[in-house]
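Visitor: Dropping the sequence and predicted coords here.
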Amino acid sequence: MPAFHPADPVVPVGPVLSMFDPVFLGVDEFGLPVYESLIYRNLLAGGEPGAGKSGLLNTICAHAALATDTRLCLLDAKTVELGLWQDIADVFVGPDLPHATATLRRLQQVMDNRYAWLRAGKRRKITRTDRLSVIVVVVDEIAYYSATVGTRADQEEFSALLRDLVARGRACGLIVVAATQRPSVDIIPTSLRDIFGYRMAFRCTTYISSDIVLGHGWAAQGYTAHTIAATDSSRGIGWLIAEGGTPRKLRVAYLTDDQIAYLVDYATRIRHHLSVPDLRIAAAAPAAA
Amino acid sequence: MPTRSMPRSTYQGSRTHRRFGRGRITVIDQGLAYASLRRAKIGFWIAFLLIGASTVVGALPVTTTGAAWLIGLLTGLAAGSTVFVLAFCWPALRLTWHWAAELTATSFLLWAYSVLTTVMAAPTALVVLLLATGGPFTFGPARRRLLALGWCVITRHRLRVCFAEVIHDRHTDGRLPLILWARPTPAGERIWVWLRAGLALPDLAERFEEVAVACWATEAHAVRSEKWAALLRVDLTRRNALAAVVDSPLTDTIPADHPRPRPAPPRPAFVTGLDLPDIPEPQAPDLHRRTGTPFRPAPPRPPATPPPPATPGDDTADWI
């Protein structure tokens, strides 16, 4: 449980992180740190169970937690992968498809409102100075919501809403980070899979599975995740491809449960006195483009 | 340094040969020197004419015609001479750049030795210099840093040998790439290379294994710059940098005075049905029920067996 420190008169200054800053993901095969900017982008991770997807999601959640301009919206069918962040998440959805769909509808409404606000200000995207929060939507195991539970119509509605957020949410500060074991067409539509700006392939059983994540043809060029050894020491290793780039092999950072609890406790403290950005004030005087 | 693409006969009689012992070692071969001279002459005349004419045109409105021509002549000569010297000496400059680390280190040692001999005897100065040079190798972090830098120096030479082999095998008249600089990485070295006309990244893509062998590395990778096709970044891997668990630096951003959270007591459990016998077997109509409904925890029900007596420790019958 995070400590709220109500008697503490001093709220520490946060680490001045923002979701507009590059996010530390891990180290590459040359031992150099990998920082990637997630703002205006989305990320899809795929790989076998235990390959390191949750490590990636937790690393991104950690950055988002310490970035006080960020709201976390977590969808985790297992409830334990992202459950440690529940206390600072604005929304936490467990294995509940109606709740997940309703949350995506809320986010869609926020997105529409933000675009109306941007249009009123003759702008195209939000910036760091807009005092609008960045909303990070983290979905672990998409397959549960899109292919496992509920009726076909419910699943399609979830997929359609998620595709809308990925397709339109970039410019209004809505980042979708999703993970699944194998993003084949029976799990998420191809039209959704292909619009993720960042894709990361963790260990896969076949090169086809790796290509499904990274994109067709990369395995033939040697960028395939099925050659990653299935050992504990290889957990967290995967290929990350950014928009229009070449895949990079990296090992994502790993946070222990104690470290996450420590981060959540501190994030709770630095977020304790933060008020919700007054959108009415911001809407009355949108910053010039 | 003789290149394998040049005929042996071209080395003989070169004015750039230097005698070392009985043999002759080519520093800059004759063909290269001739080409440099030709380029230098062309560069001289182009610079002389362009700069000289521009200066004359610029000086005419502010001075007399004779003075303008004189200024233009002198300026053109200065510019042309500069271009001539640079173009003619370019092979030597490139060679100097290639051996820059060794030349710098040797010059520094000689300078340090000369300074030391002014205040102490020569043998003592030599011992002091040896101790000062070898001392850092006894300290782990300094030794690792120096060895990493040493590998960078070695790698530049090995990479040059490898490029020469590639050019030789392709039977092209491309010139050797300019190896800009190298720096150590946690896994090996990273080298920046500027390709000359006649060589491109696809020519090297199939030969990374040979590059790794030539540089005594595990793997070699190269990517081109997004801006210039001629600028390559070559990464050599000697160690597996992905073997260790990566810690997130975010935990270091938390102030040291922030207390560690106390272990929270487990929350009371309201979930039952944690084992298969706790879940009743479905009735016949339910066997054909359509699957796919969301999971709902089973309502609380009395345990099938009496709970164990309360103990101070954790008890899964009471806590989750």
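Guide: Looks like it came in fine. Numbering: from 1, shown residues only, chains lettered A, B, ... in the order given.

Visitor: near chain A, which residues of the stretch 151-300 of chain B?
Guide: By CB under 8 Å from any CB of the partner chain, the residues of the stretch 151-300 of chain B that approach chain A are B:185-188, B:190, B:223, B:235, B:237, B:239, B:241-243, B:245-251, B:253-255, B:258-262, B:264, B:292-295. Backbone N, C-alpha and C define where each C-beta goes, glycine included.

Visitor: Can I get whichever helix or strand residue B:234 is part of as CSV, trimmed to CA atoms?
Guide: For residue B:234, the element it lies in under DSSP states H and E is strand B:231-237. Output of strand B:231-237 as CSV, limited to C-alpha atoms (Å, rounded to 0.1, in the frame of the first residue of the first chain):
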residue,chain,number,x,y,z
LEU,B,231,28.8,7.8,-43.3
LEU,B,232,28.7,4.4,-41.6
ARG,B,233,28.5,3.4,-38.0
VAL,B,234,30.3,0.1,-37.4
ASP,B,235,29.6,-1.7,-34.2
LEU,B,236,31.8,-4.5,-33.0
THR,B,237,30.7,-6.8,-30.3
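
Visitor: got the residues of the stretch 101-250 of chain A near chain B?
Guide: A:148, A:149, A:150, A:151, A:233, A:234, A:236, A:237, A:246, A:249, A:250.

Visitor: Mind giving me the PyMOL command for buried ones among the residues you listed?
Guide: Selecting the buried subset of these in PyMOL, with 16 or more other CB atoms under 10 Å in any protein chain shown as the burial test, is done by:
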select buried, chain A and resi 148+149+150+234+236+237+249+250
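
Visitor: Please identify the nearest residue in space to residue B:102, excluding sequence neighbours.
Guide: residue B:153 (7.0 Å; CB to CB, 6 or more residues apart in numbering or on different chains).

Visitor: What residues sit buried inside the helix or strand harbouring that neighbour?
Guide: If you go by DSSP H and E, residue B:153 is part of helix B:140-170. For helix B:140-170, burial by neighbour count (16+ other CB under 10 Å) applies to B:148-149, B:151-153, B:155-160, B:162-164, B:166-167.

Visitor: how distant is that helix from the center of its chain?
Guide: Between the centre of helix B:140-170 and the centre of its chain there are 10 Å (CA atoms, centre = their mean, to the nearest Å).

Visitor: helices and strands around that helix, which ones?
Guide: Applying 3 or more CB pairs under 8 Å, 6 or more residues apart in numbering or on different chains; DSSP states H and E, one finds that helix B:140-170 contacts helix B:65-98, helix B:100-117, strand B:178-185, strand B:188-194, helix B:201-205, helix B:208-214.

Visitor: Output these in a markdown table; the columns should cover distance to residue B:139.
Guide: Output for the helices and strands packed on helix B:140-170, formatted as a markdown table (distance: least, CB to CB, whole Å):
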| stretch | distance to residue B:139 |
| --- | --- |
| helix B:65-98 | 30 |
| helix B:100-117 | 19 |
| strand B:178-185 | 17 |
| strand B:188-194 | 22 |
| helix B:201-205 | 38 |
| helix B:208-214 | 31 |
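
Visitor: Buried deepest among these, which one?
Guide: strand B:188-194 (a mean of 21; mean count of other CB atoms under 10 Å in any protein chain shown).

Visitor: Quickly, which of the helices and strands packed on helix B:140-170 bottoms out on average pLDDT?
Guide: Among the helices and strands packed on helix B:140-170, helix B:201-205 has the lowest mean pLDDT, at a mean of 80.

Visitor: which residue does the stretch 151-300 of chain B bring closest to chain A?
Guide: residue B:186 (2.6 Å; CB to the nearest CB).

Visitor: What is the neighbour count of the closest residue to that residue other than its chain neighbours?
Guide: Counting by CB to CB, 6+ apart, residue A:31 is the residue found nearest to residue B:186 once chain neighbours are left out, at 2.6 Å. Counted by other CB atoms under 10 Å in any protein chain shown, the residues lying close to residue A:31 total 19.

Visitor: mind showing which ranges of the stretch 201-320 of chain B have poor pLDDT?
Guide: B:264-269, B:271-273, B:283-320 (pLDDT under 70).

Visitor: residue ranges of the helices in the stretch 1-150 of chain A, please?
Guide: Secondary structure of the stretch 1-150 of chain A, counting by DSSP state H, counting those that start in this stretch: helices at A:53-66, A:97-120, A:142-143.

Visitor: Which positions in stretch B:218-233 come out as buried?
Guide: Judged by neighbour count using 16+ other CB under 10 Å, the buried positions of stretch B:218-233 are B:219, B:220, B:221, B:222, B:224, B:230, B:231, B:232.

Visitor: on that earlier part again, and the average pLDDT for the helix holding residue B:153 is what?
Guide: Mean predicted confidence for helix B:140-170 is 87.

Visitor: Report the angle between it and strand B:188-194.
Guide: Helix B:140-170 and strand B:188-194 meet at an angle of 40 degrees, taking axes from the mean of the first three to the mean of the last three CA atoms, to 10 degrees as the criterion.

Visitor: Next, the angle helix B:100-117 makes with helix B:140-170.
Guide: Using the same axes, to 10 degrees: helix B:140-170 against helix B:100-117 is 140 degrees.

Visitor: Now do the helix or strand hosting residue A:201 and helix A:53-66, the angle between them.
Guide: Using DSSP H and E, residue A:201 maps to strand A:198-202. For strand A:198-202 against helix A:53-66, the angle by the same axes, to 10 degrees is 140 degrees.

Visitor: Done for today, thanks.
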